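A.B. asks: okay, predicted coordinates and the sequence, questions at the end:
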Number of protein chains: 2
Amino acid sequence: MSEKKPRRLTAKGEATRLRIVAAAADLMYTQGVEATSVDDVIEASGTGKSQVYHYFSDKTELVEAVVRAQIERVLGEQAPFLDDLRTMRGFERWRDAIVVGVRGWRGAHGCPMGSLAGEIAGRCETARENLQRGFSVWQHWFRLGLERMQDSGELRPDADPEELAVGLMAAVQGGYLLVKTTRDERSMAIALDMALDSIRVALSAAE
Amino acid sequence: MSEKKPRRLTAKGEATRLRIVAAAADLMYTQGVEATSVDDVIEASGTGKSQVYHYFSDKTELVEAVVRAQIERVLGEQAPFLDDLRTMRGFERWRDAIVVGVRGWRGAHGCPMGSLAGEIAGRCETARENLQRGFSVWQHWFRLGLERMQDSGELRPDADPEELAVGLMAAVQGGYLLVKTTRDERSMAIALDMALDSIRVALSAAE
DNA sequence: GTAAAAATGTAGCAGATAGTACAATCTACT
DNA sequence: AGTAGATTGTACTATCTGCTACATTTTTAC
C-alpha cells in the first residue's frame, strides 16, 4: 500500500539497502556510474554480493535507486534556500549558498543530479525521466519564487517567471560544468550573477 | 619537427589512426567513454587489436586523442559563427545556429566537448586541462567579439566582456544539459536568450 | 516455540575487458 | 632489388564484470 512492490522489508533490511544505495551514490558521483562496479559498491558498503542482488535485481535497478536518492539529496539540500526565494535578497542568499558549496568536492564533481544526467540521460530512458522530474521540481521553485515577487510587486508583471527559471537552471548547471573543468569557482559566481541580473532588470522601478 | 613524438607515420598509418580516433570519438560521444570498450572501437573502425595498440599505448592515450579531436571538431564547427561575432546580429546568428544544431543527435547527447568534460574532467587531469583549454578558446572568441563591439561603439565601454563571455559559456553548456535531460529544445533557446539579453542591456543607447 | 520468510555468507561461472606476444605483410628509401 | 621499419593479422592471457546457485543464519508472525 505504501510502495509499488510491497515486498516485506525488515528494519535491518531497510538499513543495509540504504547503506548500499548511499555507497553506490557516493562512488558513482565521484567515479561515474559506468566506472563503478558492483564489487566496488559491495566493498564500500561493507556488504556482500548476495545482499546487493537481494535488494536489487540488477545493476540498472541499483542505478535507478541512486538516481532517486541523489535527486532527493540535492532537492533536500536546496530546500531551505528555495523556500526562501520570495525576494531578490532570497535569490542572492541562494546564489551565495551555491557559490560557497562549489568549493571542495562539489567543485571537482559538479552537481550530483547534473553529473548523473550528463552520463546517463542519453542512454537510460527511465533515469532520464526521473532526472527530468528532478530538474522540473527545482525549476518550479524558481518560478514559484518569481511569481511571489510578482504578487508582492517586487517583480514587474511583464516578466516571464518560467523563462527566467529555465535560464537560472541552465546557469547553475553550466556553472557546475565550468567549475568542474576549469577548477575556477568564479565561473559559478559569474554565471549565477548573469542570471540574477536578468531578474534585476525586470524588478519594479522604485524600492 | 612537426609533432612531439615524430614517430614515422605512413600515409596509410595516419589514415587508420584517424579512422580509429573517429570511431572512438563517435562511440564515446553516444555511449560514454567508460561504456565504450576497445573492442567496440575496433569493430566500428574496421581495424584490429594490433593496430589500436600500435598507435596508442593504452586506452587512456586513445581517450586523450579523442578529447583533442572533439575539441577541434567543436571549435571547427563553431569557427565561422565565432568569427562573425562582431555585432549583436552576429551573436543572434550564432544563437540560431546552436538552437538549430540541438535538434537530432546533438540534442540527445549534448555538446561533444561538454559531455566529455562532464564524464572525465573530474577523473583525468590531462584531459581536464585540454578541455579547459578548449573552453578557454571558445570563451576567448566571445570576448573578442564583445571587445570588437565595444571598439565599434555598439557595446558600452563599461560592459565586462570577460564576464559576459563566461556567462555565455555557462548558458551554452547548461542549455545542452537541459536539452539532453528534458528533450525540449526550447531550453537551449531560452538559456541563450537570457545570455544575449545580458549583452543587450549593455548595448549603447541609440541604434 | 515453531514455521515461514527475510537476510546474509560462500562459491563459482560465463562472458567481457584491457593488454600482450609474435609472426606475417606491406612500404619507404637507398 | 633489398633491407629496415612501419603496418597488420592471429592467438592468447589474466583479470574483472555482472550475475547465479545454494546453503546458512536471523527475524517475523502466529
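C.D. replies: All right, it came through fine.
A.B. asks: after the least confident helix or strand in chain A by mean pLDDT, which helix or strand is next?
C.D. replies: Lowest by mean pLDDT, DSSP states H and E among the helices and strands of chain A is helix A:105-109, with a mean of 93. Next along the chain after helix A:105-109, taking DSSP states H and E as the criterion, comes helix A:112-120.
A.B. asks: packing partners for that next one?
C.D. replies: Using 3 or more Cβ pairs under 8 Å, 6 or more residues apart in numbering or on different chains; DSSP states H and E, the elements in contact with helix A:112-120 are helix A:11-31, helix A:59-83, helix A:125-151, helix A:161-182, helix B:112-120, helix B:161-182. Where you see a C-beta, it was placed from the backbone N, CA and C, and this is true even at glycine.
A.B. asks: between the ones you listed, which gets nearest to DNA strand D?
C.D. replies: helix A:59-83 (3.6 Å; Cβ to the nearest atom of the strand).
A.B. asks: does the closest one reach DNA strand D?
C.D. replies: Yes: using Cβ under 7 Å from any atom of the strand, helix A:59-83 reaches DNA strand D at A:59-60.
A.B. asks: re earlier: keeping just the C-alphas, turn the least confident helix or strand of chain A into PDB.
C.D. replies: C-alpha atoms of helix A:105-109 as PDB (Å, rounded to 0.1, in the frame of the first residue of the first chain):
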ATOM      1  CA  TRP A 105      34.400  18.000  -3.700                       C
ATOM      2  CA  ARG A 106      31.400  19.600  -5.300                       C
ATOM      3  CA  GLY A 107      33.600  21.800  -7.400                       C
ATOM      4  CA  ALA A 108      35.500  18.900  -8.700                       C
ATOM      5  CA  HIS A 109      32.500  16.700  -9.400                       C
END
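A.B. asks: report pLDDT for the closest residue to DNA strand C within chain A.
C.D. replies: Going by Cβ to the nearest atom of the strand, DNA strand C is nearest to A:Gly13 of chain A, at 1.8 Å. The model reports A:Gly13 with a pLDDT of 90.
A.B. asks: I'd guessed it sits against A:Ile20; true?
C.D. replies: No: applying Cβ atoms under 8 Å, one finds A:Gly13 not in contact with A:Ile20, separated by 10.7 Å.
A.B. asks: hang on, the earlier thing: would you format the helices and strands packed on helix A:112-120 as a markdown table with mean neighbour count included?
C.D. replies: Below are the helices and strands packed on helix A:112-120 laid out as a markdown table (neighbours: other Cβ atoms under 10 Å in any protein chain shown):
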| stretch | mean neighbour count |
| --- | --- |
| helix A:11-31 | 17 |
| helix A:59-83 | 17 |
| helix A:125-151 | 19 |
| helix A:161-182 | 27 |
| helix B:112-120 | 27 |
| helix B:161-182 | 27 |
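A.B. asks: got the ones you listed as JSON lines, with distance to B:Trp94 columns?
C.D. replies: Output for the helices and strands packed on helix A:112-120, formatted as JSON lines (distance: least, Cβ to Cβ, whole Å):
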{"stretch": "helix A:11-31", "distance to B:Trp94": "34"}
{"stretch": "helix A:59-83", "distance to B:Trp94": "32"}
{"stretch": "helix A:125-151", "distance to B:Trp94": "25"}
{"stretch": "helix A:161-182", "distance to B:Trp94": "16"}
{"stretch": "helix B:112-120", "distance to B:Trp94": "16"}
{"stretch": "helix B:161-182", "distance to B:Trp94": "9"}
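A.B. asks: select, out of those, the one closest to B:Thr30.
C.D. replies: Taking Cβ to Cβ, helix B:112-120 is the member of the helices and strands packed on helix A:112-120 nearest to B:Thr30, at 9.3 Å.
A.B. asks: what's the angle between that closest one and helix B:11-31?
C.D. replies: Angle, helix B:112-120 to helix B:11-31, by axes from the mean of the first three to the mean of the last three Cα atoms, to 10 degrees: 70 degrees.
A.B. asks: show me how far helix B:112-120 is from its chain's centre.
C.D. replies: 9 Å (Cα atoms, centre = their mean, to the nearest Å).
A.B. asks: now swap in stretch A:8-26 and tell me
C.D. replies: 21 Å.
A.B. asks: same deal with stretch A:97-114?
C.D. replies: 10 Å.
A.B. asks: enumerate every residue touching the residue nearest to the residue of chain A closest to DNA strand C when sequence neighbours are not counted.
C.D. replies: Nearest non-adjacent residue to A:Gly13, counting by Cβ to Cβ, 6 or more residues apart in numbering or on different chains: A:Tyr55, 7.4 Å away. By Cβ atoms under 8 Å, 6 or more residues apart in numbering or on different chains, A:Tyr55 lies in contact with A:13, A:16-17, A:20.
A.B. asks: run the last query once more with 10 Å
C.D. replies: Residues in contact with A:Tyr55 (Cβ atoms under 10 Å, 6 or more residues apart in numbering or on different chains) are A:7, A:9, A:13-14, A:16-18, A:20-21, A:47, A:61-62, A:65.
A.B. asks: and it, how far from A:Ser45?
C.D. replies: 11 Å (Cβ to Cβ, to the nearest Å).
A.B. asks: pull up the overlap in contacts between A:Gly13 and A:Ile20.
C.D. replies: With Cβ under 10 Å, 6+ apart as the test, A:Gly13 and A:Ile20 both reach A:51, A:54-55.
A.B. asks: near DNA strand C, which of the residues you listed show up?
C.D. replies: Checking the shared contacts of A:Gly13 and A:Ile20 against DNA strand C (Cβ under 7 Å from any atom of the strand), the matches are A:51, A:54.
A.B. asks: using a markdown table, lay out the shared contacts of A:Gly13 and A:Ile20 together with secondary structure and distance to DNA strand D.
C.D. replies: Listed next are the shared contacts of A:Gly13 and A:Ile20 as a markdown table, based on DSSP: H, G, I helix; E, B strand; the rest coil; distance: Cβ to the nearest atom of the strand, whole Å:
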| residue | secondary structure | distance to DNA strand D |
| --- | --- | --- |
| A:Gln51 | helix | 10 |
| A:His54 | helix | 8 |
| A:Tyr55 | helix | 12 |
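A.B. asks: no more questions from me, cheers.
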